[in-house]
Structures are given as structure tokens and as C-alpha cells.
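> I'll drop the sequence and a predicted model, then ask my questions.
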Amino acid sequence: MSMRDMWFYLLAALCGIGTGWADVAINDLLFTALLVLSACIMLGMLRPRRPWRWVASVGVFIPLTELAAYVILTVKPTRAQIYGSFLAFLPGIAGAYGGSIMRGVIDNLRHGK
């Protein structure tokens, strides 16, 4: 990890924690998937190389935030909510790779290729 990428990893962690908090508070799987998708699209466009790292960086914080809510706030998530937090990786994959491809297309159009 380079020092330039450190800020993007921090942004990915903040997006993951925010998405996990929204998942605990709202308990809507589609809204959680939308937040993960949009965060991974943004990160995939900002840093298009190795987009899988954004999926992992955002997605890992969703179950960890639910675990923290369970321990600290004594929020009892349902079994479906726990499984759904792990399924949030799927829209993240589409978003990160889609953002990476979109960045490549935009760069090609900008340079007239």
C-alpha cells in the first residue's frame, strides 16, 4: 500500500462503516446494497487498478459494524440481516469493476483513442 492510497483506504473504511450503520439502523438489504454499490463505483473510478481491494475494504466493515452494534448497543440483528451483510460483497464486486471499466472508457475518450 502506498501513501497515496492510504486516504482511499480510509475513505473505503468510512464508507463501509457508514453502510454498516445504515444497515443496522434501517434494516433494508436493498438500501445497503445500493450504498455498497455506489461506494465501490466511486472508489473504482478514483483508483481503477485492482478493484477487488475496494470490495474487500468496504465489504468487511459491514459485518464488523453489525458485530459492534450487537456488542455495544445490544442491537439484536436477525439471522437474515447477518447473512445479508455478507451478501453485500456481490453488489460491491459489480460496482468496483464497473467503476474501473468506466474510468478506462473515460480515459480512452479523453485521449481520443
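Received, thanks.
> Tell me the helices and strands packed up against the helix or strand containing residue 91.
In this structure, residue 91 is located in helix 89-111 according to DSSP states H and E. Other helices and strands packing on helix 89-111, by 3 or more CB pairs under 8 Å, 6 or more residues apart in numbering; DSSP states H and E, are helix 29-46, helix 52-59. For every residue, glycine as well, the C-beta is placed using N, CA and C.
> Contacts for it next, please.
For helix 89-111, contacts defined as CB atoms under 8 Å, 6 or more residues apart in numbering pick out 33-34, 36-46, 48-49, 51-52, 54-55, 58-59.
> Give me the buried entries from those residues.
Buried subset of these (neighbour count, 16 or more other CB atoms under 10 Å): 33, 36-37, 39-46, 48, 51, 54-55, 58-59.
> what's the least confident helix or strand in the protein, going by average pLDDT?
helix 79-87 (a mean of 84; mean pLDDT, DSSP states H and E).
> Show me how far it is from its chain's centre.
Here helix 79-87 is found 15 Å from its chain centre; the criterion is CA atoms, centre = their mean, to the nearest Å.
> Now do the buried residues in that helix.
Buried positions in helix 79-87, judged by neighbour count with 16+ other CB under 10 Å: 81, 84, 85, 87.
> tilt between the helix holding residue 91 and helix 52-59?
Orientation of helix 89-111 against helix 52-59 (axes from the mean of the first three to the mean of the last three CA atoms, to 10 degrees) gives an angle of 140 degrees.
> So what's the model's average confidence on helix 89-111?
Averaged across helix 89-111, the pLDDT comes to 95.
> Between helix 52-59 and the least confident helix or strand of the chain, find me the angle.
Using the same axes, to 10 degrees, helix 79-87 lies at 150 degrees relative to helix 52-59.
> And helix 79-87, what does it pack against?
Here helix 79-87 touches helix 3-26, helix 29-46, helix 61-72, going by 3+ CB pairs under 8 Å, 6+ apart.
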